[in-house]
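Student: Quick check, what structure comes out for this input:
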Amino acid sequence: MPFRPCLNRVLPTTPATPETGGMMLPVRSAQPLRPPEPGRRVYEPLSVLPVRPVSKIRPEPPGLLARPVRRAEPLPLLPRLLAAILALSPLLVSLPGSLATGLEPWSPKVSAAPAPASSSITLTLYLEERDAATMKWYAETAKKFEVAHPGVKVSIVTNAGTGYYDKLMTLWAAGMPPDVWGQGGAPRSYQREGWLLDLTDFVKADLDELNVKDFFPAAWKAYEWDGRVWGLPFISVASPLFYNADLFDQRGVVPPPATWSDEGWSWADMVATARKLTVAEPDGRLKQAGVGIDTDPLGWIIFSYFWGADWFDRETYRTGIVQRTTLDTPENRRAWTEVRALLWQDHVAPRLGDGFDAWSGFQTGKVGMHLGASPWVIMGKRDVLRFRWGMASQPQTPVARRTTIVYTDAWLIGSQTRHPKEAWELVKFLSSPETLKSYVTIADFPPARISATGPYMQRMASFSGLQSAEQIFLCLMGGQQYGRECWAHTIAGFVELHQIIPPFLRDIINNKREVGEALRAAAEAVEAHLRQTRRK
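Tutor: Have a look, this model is predicted:
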């Protein structure tokens, strides 16, 4: 994929077997990591990123960006998208995050000594090695920046031959961190470890140029922590429900709505639709599943969100530090009972023994709807899918507001950079409307700026074979309005927790443990981990 959001590091996996519930599971090995299957990822702890004790948290001044922001001019979208954007004007008029509040002056803190004056400055831009077209685009974009900024050179460094985050951590451990990097990962952990430069003062100084209103609302908020700005968004994608339009037509079933405000698409409606799409073999195994439960545990927290539950308390999201787990609650027991029912009670979702899972089944045309938070099951799969597809809002339950997960990747500046001003200019350039309009010609995922979405939506409409550019835009924009940023980006220590929690939930999915038992065990494991990290 040209650009995959959020934690691209991938472990070797075992083949999908009945024992693994049709899922590929990680295999720990000392051998070098194999190239990942596009979009399929499991994660290993970042061992060099210990979570600091809560007592060492340095309070930051509250508030953000007191300078008033003038009303944005009409965005230069394609004429066909203009009406859709104007219809969503309430989202674009108000500033995202806390941009309307005050901010105490605070200068960026740079630990390294300033570089001596010289005729040329070199910035290191660290990237994950991708396909030839993407790397060519980055090289050409770097040259454009150099032309626009005489005296500044960009040296592109990649992880060629090693894991992306392995090399990033090696660079930091060796005292040679990059000036600029991004591409997902665990940015809140980076911030806690002091790896990130605070960008707030730069943002204040260039507020008019940045035109914050041009960013998707959820995208801008994603890297605004403690009243400070820590990254400039580059791509941002909400997670809709995807469906196979050909299967819906074959079964004579009405597809779900693309608009998130439609009250006629509930969890019960989703289950009823799945029953109509499901086809079973005489022995009870599924030949065709109505719905598939996302196999990527990165997004499994969405099933708790659906039912008004969470895995952590509110203070965790406010501070970015896990204070308390809320896994073992009545709300979570209800949520995961409903999930298990799709597989083992209604049997409208593929389970152990069916021979396919949500991921493989959807891509091969055996699953009617893909339920979860993995937009990469569609995006970047133009050469894989052989059917018409559509995107819709996630179903709403009777106990919670409609919701989804948003994945936003941003460009980050290292706190050790000797050239903070020049690095800021590079980050602005990479996140500018002009650069993003160029990027969407090769992108798998939508840009973080609304004004750059036109060509991307047209490409997706052509790929869909069903929905128009306007419909796709409205669905993705609705996801930005209703969604929550991926917890990988908002909670420090995510990677370790991501190794602890999913195995217990997988036992629920595979019907190996009762829901209550699995959630209690998961909560106990998290609390044990928290006690251990607090002692460090």
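
Student: Now do stretch 411-425, average pLDDT.
Tutor: For stretch 411-425, mean pLDDT is 98.

Student: Apologies, that question was intended for stretch 179-194.
Tutor: For stretch 179-194, mean pLDDT is 91.

Student: Name the residues of it that are buried.
Tutor: Buried residues in stretch 179-194, counting neighbours by 16 or more other Cβ atoms under 10 Å, are found at 179-193. Bear in mind the C-beta positions are built from the backbone N, C-alpha and C, glycine included.

Student: just curious, which of those is nearest to Ala423?
Tutor: Nearest to Ala423 out of those is Asp179 (Cβ to Cβ; 4.7 Å).

Student: I'd like to know how far the closest one sits from Val152.
Tutor: Asp179 sits 11 Å away from Val152, taking Cβ to Cβ, to the nearest Å as the criterion.

Student: With Leu342 instead?
Tutor: From Leu342 over to Val152 the distance is 54 Å, taken as Cβ to Cβ.

Student: do the same with Arg351
Tutor: Arg351 is 56 Å from Val152, by Cβ to Cβ.

Student: Check Ser236 too.
Tutor: For Ser236, the distance to Val152 equals 27 Å [Cβ to Cβ].

Student: Which one's more surrounded, the two?
Tutor: Ser236 (28 against 18; other Cβ atoms under 10 Å).

Student: Show the contacting residues for the residue nearest to that one when sequence neighbours are not counted.
Tutor: Sequence neighbours aside, Ala219 is the residue nearest to Ser236 in space, at 3.6 Å (criterion: Cβ to Cβ, 6 or more residues apart in numbering). Shown in contact with Ala219 (Cβ atoms under 8 Å, 6 or more residues apart in numbering): 96, 233, 236, 406, 408, 448, 480.

Student: For Asp328, give me its contacts.
Tutor: By Cβ under 8 Å, 6+ apart, the contact list for Asp328 reads 516, 519-520, 522-523.

Student: among these, which ones are buried?
Tutor: Using 16+ other Cβ under 10 Å as the burial test, these include 519-520, 522-523 as buried.

Student: Helices of the stretch 201-350 of the chain, start to end?
Tutor: For the stretch 201-350 of the chain, applying DSSP state H, counting those that start in this stretch gives helices covering 207-210, 217-221, 245-251, 267-277, 301-306, 314-319, 330-344.

Student: got the buried residues for stretch 325-338?
Tutor: Quick answer for stretch 325-338 (16+ other Cβ under 10 Å): 325-329, 332-336, 338.

Student: In this structure Val399 contacts Ala309, no?
Tutor: No: judged on Cβ atoms under 8 Å, Val399 makes no contact with Ala309 at a distance of 9.2 Å.

Student: Pick out whichever of the two has more residues nearby.
Tutor: The residue with more neighbours, out of Val399 and Ala309, is Ala309; 22 against 13, by other Cβ under 10 Å.

Student: Identify the spatial nearest neighbour of the more buried one, chain neighbours not counted.
Tutor: Glu331 (3.6 Å).

Student: got the contact list for the one you found?
Tutor: 304, 307-310, 399.

Student: Phe463: which of those residues is nearest?
Tutor: Each of those was scored against Phe463 by Cβ to Cβ, and Ser304 proved nearest at 31.0 Å.

Student: Excluding residues flanking it in the chain, which one is nearest that closest one?
Tutor: Distances taken as Cβ to Cβ, 6+ apart put Ala335 closest to Ser304, at 4.9 Å, once the chain neighbours are dropped.

Student: Test my guess that that neighbour contacts Ala309.
Tutor: Yes: using Cβ under 8 Å, Ala335 is in contact with Ala309, at 4.9 Å.

Student: if I pick Thr316, what's in contact with it?
Tutor: Residues counted as contacts of Thr316 (Cβ under 8 Å, 6+ apart) are 322-324, 491.

Student: picking up where we left off before, just put the helices of the stretch 201-350 of the chain in JSON lines and tack on mean pLDDT and distance to Gly380.
Tutor: Below are the helices of the stretch 201-350 of the chain laid out as JSON lines (pLDDT from 0 to 100; distance: least, Cβ to Cβ, whole Å):
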{"stretch": "helix 207-210", "mean pLDDT": "97", "distance to Gly380": "28"}
{"stretch": "helix 217-221", "mean pLDDT": "92", "distance to Gly380": "19"}
{"stretch": "helix 245-251", "mean pLDDT": "98", "distance to Gly380": "19"}
{"stretch": "helix 267-277", "mean pLDDT": "98", "distance to Gly380": "25"}
{"stretch": "helix 301-306", "mean pLDDT": "98", "distance to Gly380": "20"}
{"stretch": "helix 314-319", "mean pLDDT": "95", "distance to Gly380": "29"}
{"stretch": "helix 330-344", "mean pLDDT": "99", "distance to Gly380": "26"}
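
Student: Quickly compare those helices and say which is most buried.
Tutor: Each of the helices of the stretch 201-350 of the chain was scored by mean neighbour count; the highest is helix 217-221, a mean of 25, by mean count of other Cβ atoms under 10 Å.

Student: got the CA coordinates for it in PDB?
Tutor: The C-alpha coordinates for helix 217-221 follow below in PDB (Å, rounded to 0.1, in the frame of the first residue of the first chain):
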ATOM      1  CA  PRO A 217     -12.500  17.800  12.200                       C
ATOM      2  CA  ALA A 218     -11.400  14.600  13.900                       C
ATOM      3  CA  ALA A 219      -8.000  14.700  12.100                       C
ATOM      4  CA  TRP A 220      -6.900  17.900  13.700                       C
ATOM      5  CA  LYS A 221      -8.000  16.900  17.200                       C
END
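
Student: from the chain's centre, how far out does that helix sit?
Tutor: 12 Å (Cα atoms, centre = their mean, to the nearest Å).

Student: Count residues in the vicinity of the nearest residue to Phe202 once chain neighbours are set aside, would you?
Tutor: Residue nearest to Phe202 in three dimensions, not counting chain neighbours: Trp424, with 4.7 Å by Cβ to Cβ, 6+ apart. By the measure other Cβ under 10 Å, the count of residues near Trp424 is 23.
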